[in-house]
Structures are given as C-alpha cells and as structure tokens.
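Undergrad: no sequence on this one, just coordinates:
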C-alpha cells in the first residue's frame, strides 16, 4: 500500500533545554517529550510550543523532532 497524503500529521515535541544541557542518561526523569498533531498546509515549518518539562521543573520551548 502507498503512503497516504494526510493533511494532519503526528509530530513529537522534545524539550530543547534538556537536549542542549544533555541530561544524564542515568537520571530517572530523562528528556521531556510530547506527542501532538499539526496541519501540514497551515504550518509547513517546524512546530515550537511552550510546554512543561518535569526534568527542568518549568515551562520551556519544545521543538519538533524527526520520527
């Protein structure tokens, strides 16, 4: 079967400050990630949202990553 050309796609948002600071692999919390959907036609660029990061214990910018 061919891939569908859906308008809405599922994207993964990852905390940019945790990635930048390279959180310890041994820590229990790890890197904060959220799953959401976006409209491919309205937002062709990468999505960035302010979400709560339990590792940082504050609201930070979460950017879209590749699946």
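TA: Structure's in. What do you need? This is a predicted model, so every value here is computed, not measured. Numbers count the residues shown, from 1 in each chain.
Undergrad: looking at it, residue 13 is touching residue 66, isn't it?
TA: No: counting by C-beta atoms under 8 Å, residue 13 stays clear of residue 66, with 12.0 Å between them. Every C-beta, even on glycine, is put in place using the N, C-alpha and C of the backbone.
Undergrad: which of the two has more neighbours?
TA: residue 13 (21 against 6; other C-beta atoms under 10 Å).
Undergrad: what's the neighbour count on residue 48?
TA: Neighbour tally, residue 48, other C-beta under 10 Å: 12.
Undergrad: Just the pLDDT at the spatially closest residue to it that is not a sequence neighbour, thanks.
TA: Leaving aside its chain neighbours, residue 48 sits nearest to residue 63 (4.9 Å; criterion: C-beta to C-beta, 6 or more residues apart in numbering). With respect to pLDDT, residue 63 has a value of 94.
Undergrad: quick one: the strands in the protein?
TA: Remark: strands assigned in the chain by DSSP state E are 8-15, 33-39, 48-53, 58-65.
Undergrad: other SSEs contacting the shortest one?
TA: Packing partners of strand 48-53 (3 or more C-beta pairs under 8 Å, 6 or more residues apart in numbering; DSSP states H and E): strand 8-15, strand 33-39, strand 58-65.
Undergrad: Give the buried residues for the second one.
TA: So that's strand 33-39. residue 38 (16 or more other C-beta atoms under 10 Å).
Undergrad: quick one: the residue most central in space within the chain from residue 5, how far?
TA: By C-alpha atoms, centre = their mean, the chain has its centre lying nearest to residue 13, at 0.6 Å. Separation of residue 13 from residue 5 (C-beta to C-beta, to the nearest Å): 23 Å.
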